[in-house]
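J.: need the 3D shape of this:
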Amino acid sequence: MDATIPTQAAGDRPGETSLPEDWRHRFLSDVDLFSIERAIAGRDRNPDTVITLRFPHGDAAESHNHTGIAMNILLVYPTYPDTFWSFRHALKFVSKKASFPPLGLLTVAALLPPEWKRTLVDMNVEALTDAAIRSADYVFLSAMSVQSASADDVIRRCKELGTAVVAGGPHFTSSPEQYPEVDHLVLDEAENTLPRFCHDVASGHPQHLYRAEDWADIETTPVPQWDLISHKHYSSMNIQYSRGCPFDCDFCDITVLYGRKPRTKTRAQVLAELDALYATGWKGPLFFVDDNFIGNKAKLKRDILPSIADWMQNHRHPFYLNTEASINLADDTELMHLMGEAGFEAVFVGIETPNEASLASCGKIVNGNRDLISSVRQIQRAGMEVQGGFIVGFDEDPPSIFARLTEFIQESGIVTAMVGLLNAPKGTRLYKRLHDEGRLLSDFNGNNTDFATNFVPRMDEESLLSGYRTVLDSIYAPRNYYARVRRFLVGFEPRKKVFHFNPGYLLALLRSMVVLGVIGRERVHYWRLFFWSLFRKPRLFSLAILFSIYGFHFRKVSTETFPAKAVSS
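T.: Take a look at the predicted model:
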């Protein structure tokens, strides 16, 4: 619905305005006030000025109403296993416990009725105690598939302690049939299904299953409730601008979960979220978690990126940004320029494979018929590091794919190269095809780097795993890894400064000098890069040290996950 409200004079300064107190509490939760107060604070307005607000429609609006009952809600985020994506070994250098906070649960918390008490336990940074479970009326549990083992254990503990479980998020949405013991499954996007659950709790008749027929209007999504976490435990913060991806690769479940038409937040929402995060005192990395940040290029170029750039300039660049995007970013010089101006320093790109037949078969049309290395270098020349995702195990992969992929990664200068085995997530076109062909073995566990596939590959399995092992041995070996770092840094000229003073980085430098420069077998390569970057690329010195620490993490995970053959020197 739309509503108009009068602003009223606040304080003694002419033109200072605020929301009438009765409007603040009748219609709004605290998190909504960020964007509204931002719109009226500090402006020259007359007391008679009328501001038109857009309130959520239908179910989403109900989440902002009081239910009339008090609830004690414990939101729980399960642990991640140790994978390439966890960065667990790298985090130790900066005394952090996790890479990112649980953005989904922080958003869910903001959607709850304001009179419900909320507490959040991220099991990646603190232990979940029995006392915390017992004290809750409901345990809200969200997880991705890779967290399923930890999530199952949380459910078991809640059952033993007699606390009801409300489960949602990607894993439970994909596999609800596996959880008949969960009291309430609130699936799909929370903006659509959570308000109905809260309404039913208030009426005394909560149901077992809640599903949505439509995609959520994320222009109604509130600011995450940042006060539920301790920021000091995390190496980066995260926010979301869009959901969905215009492409439909057969192995990817993003379009299954969020659709092919990108849905975006408004300019006011994005700036309100930046304001809210800035108000917490956070300064440092900020990851836009969108699965394809450039799904709606026109809006980004016209509205969002210029606004972010202005905000960053006005706040003296407190954040340094990164995100995920498709390779066609390289085709749009203006878009890359605007991302650089806004403060984006890195972008993760799903390159997948240099084999054209494999790209065609999986529907990765945006990567086909192009010089992939040239595209990578276009983005790098625009001042953004390219982090790459790669896959082996496609039906069309020839035996030579392992050598070709290794050569591609080395030549491209992609330092952070995440290589995994093809798996088939539930609901994807690949999953359905393999099921029909009788090749499906199990559900995907969410970890594509654990030397397992959930289907029978066309390539001999022993050859596939041996080839995958060879790729990891090669790209993470100190000689090749440090050569790739140097290759990237030689031609890299960031648009903005990349040295960001942080006391934790000084600690990381000192620890790297001991762990990598004295104890580690990569010590010779470490010191060569150390002094080369210090004297030849001093602006990139901190980045060189960061890459050295990343390489240590990749080698540790690689050898510990499948230690039969140690990574060579």
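J.: neighbours around the residue nearest to residue 142 when sequence neighbours are not counted, how many?
T.: Nearest residue to residue 142, sequence neighbours excluded (Cβ to Cβ, 6 or more residues apart in numbering): residue 169, at 3.5 Å. For the C-beta atoms, the positions are set from N, CA and C on the backbone; glycine is no exception. For residue 169, the count of nearby residues is 26 (other Cβ atoms under 10 Å).
J.: isn't residue 169 right next to residue 104, touching?
T.: Yes - shown here, residue 169 and residue 104 form a contact pair, counting by Cβ atoms under 8 Å, at 5.9 Å.
J.: shared neighbours of those two, anything?
T.: Listed as contacting both residue 169 and residue 104 by Cβ atoms under 8 Å, 6 or more residues apart in numbering are residue 142.
J.: what sits against the residue nearest the centre of the chain?
T.: Relative to the mean C-alpha position of the chain, the nearest C-alpha, by Cα atoms, centre = their mean, is the one of residue 289, at 3.6 Å. The contact partners of residue 289, taken as Cβ under 8 Å, 6+ apart, are 100, 103, 238-240, 323-324.
J.: pLDDT averaged over the longest helix along the chain - what is it?
T.: Secondary structure assigned by DSSP state H gives helix 541-561 as the longest helix of the chain. Helix 541-561 carries an average pLDDT of 91.
J.: related to what we said a few turns ago, any idea how far residue 342 is from the residue nearest to the centre of the chain?
T.: For residue 289, the distance to residue 342 (Cβ to Cβ, to the nearest Å) stands at 16 Å.
J.: same check on residue 368?
T.: Taking Cβ to Cβ, one finds residue 368 at 29 Å from residue 342.
J.: settle it for me: which of the two has more neighbours?
T.: Between residue 368 and residue 342, residue 342 has the larger neighbour count (other Cβ under 10 Å), namely 22 against 14.
J.: list the contacts of the more buried one.
T.: 305-306, 308-309, 312, 321.
J.: so how far is stretch 181-188 from its chain's centroid?
T.: 23 Å (Cα atoms, centre = their mean, to the nearest Å).
J.: neighbouring contacts of it?
T.: 138, 155, 159, 164-168, 172-173, 176, 179, 193-194, 197, 206-212, 216.
J.: among those residues, which ones are in strands?
T.: 138, 164-168, 209-210 (DSSP state E).
J.: mind listing the helices for the stretch 201-350 of the chain?
T.: 254-258, 267-279, 297-299, 305-314, 333-342 (DSSP state H, counting those that start in this stretch).
J.: residue 435: which of these is closest?
T.: Of all the helices of the stretch 201-350 of the chain, it is helix 254-258 that lies closest to residue 435, at 14.5 Å by Cβ to Cβ.
J.: which elements pack onto that closest one?
T.: The contact analysis (3 or more Cβ pairs under 8 Å, 6 or more residues apart in numbering; DSSP states H and E) places helix 254-258 against helix 170-174.
J.: and after the helix it packs on, which helix or strand comes next?
T.: strand 184-186 (DSSP states H and E).
J.: partner strands of that next one, parallel or antiparallel?
T.: For strand 184-186, the paired strands and their directions (DSSP bridges) read strand 164-168 (parallel), strand 209-210 (parallel).
J.: is it possible to get TSV of the contacts of residue 289 that adds neighbour count and distance to residue 73?
T.: What follows is these, written out as TSV (neighbours: other Cβ atoms under 10 Å; distance: Cβ to Cβ, whole Å):
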residue	neighbour count	distance to residue 73
100	16	22
103	18	17
238	21	22
239	23	22
240	22	22
323	24	31
324	19	31
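J.: restricted to strands, list those.
T.: Members of those lying in strands (criterion: DSSP E): 238-239, 323-324.
J.: just name the most buried of the strands paired with strand 184-186.
T.: strand 164-168 (a mean of 23; mean count of other Cβ atoms under 10 Å).
J.: other residues contacting it?
T.: 108, 137-143, 151, 154-155, 158-159, 179, 182-187, 190, 193-194, 197.
J.: mind giving me the ChimeraX select for the contacts of residue 342, buried ones only?
T.: Under the burial definition 16 or more other Cβ atoms under 10 Å, those of the contacts of residue 342 that qualify are selected in ChimeraX by:
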select :305,308,309,312,321
